[in-house]
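Novice: Starting from these lines, generate the structure:
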Amino acid sequence: MRIIQGVKTPVKGRDVLVVEDIVDTGITICFLLGYLKKKRPASLKLCVLADKPSRRKVPVPIHYRGFTVPDKFIVGYGLDFDEQFRNLPHIYTLED
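Specialist: Just a heads-up that it's a prediction; the model follows:
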């Protein structure tokens, strides 16, 4: 992974809250948290809407969790599949 454009607002000495829709394998968010830690914030916390721990490949410190989801593809409430279903007012699992 590589950062194309870093943070523009200095975070050194500030409290930082990262808000994420879903944490799956944890690889991407772990990379982002590592990047932000190097900026030396006063605190760094992670808030996720949906956590899918069954797919986790690296440990991720989740401080605030909406709920845990099963190992299924979920859509709705901003989560999409091929640019579809994002506008659904609830979260659903896709069936085969």
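
Novice: ranges for the helices of this protein?
Specialist: 27-37 (DSSP state H).

Novice: Return the set of residues that bridge with the residue nearest the centre of it.
Specialist: Centroid-nearest residue in the chain, with CA atoms, centre = their mean: Glu20, separated by 3.3 Å. For Glu20, the beta-bridge partners are Val48 (DSSP bridges).

Novice: need the contact list for it.
Specialist: Contact partners of Glu20, counting by CB atoms under 8 Å, 6 or more residues apart in numbering, are Ile29, Leu46, Cys47, Val48, Leu49. From N, CA and C alone the C-beta is placed, and that goes for glycine too.

Novice: Buried subset of those residues as a PyMOL selection?
Specialist: Selection of buried members from the contacts of Glu20 for PyMOL, criterion 16 or more other CB atoms under 10 Å:
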select buried, resi 29+46+48+49
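
Novice: ok, the contacts of Glu20 vs Val75, which is closest?
Specialist: Nearest to Val75 among the contacts of Glu20, counting by CB to CB, is Leu49 at 12.8 Å.
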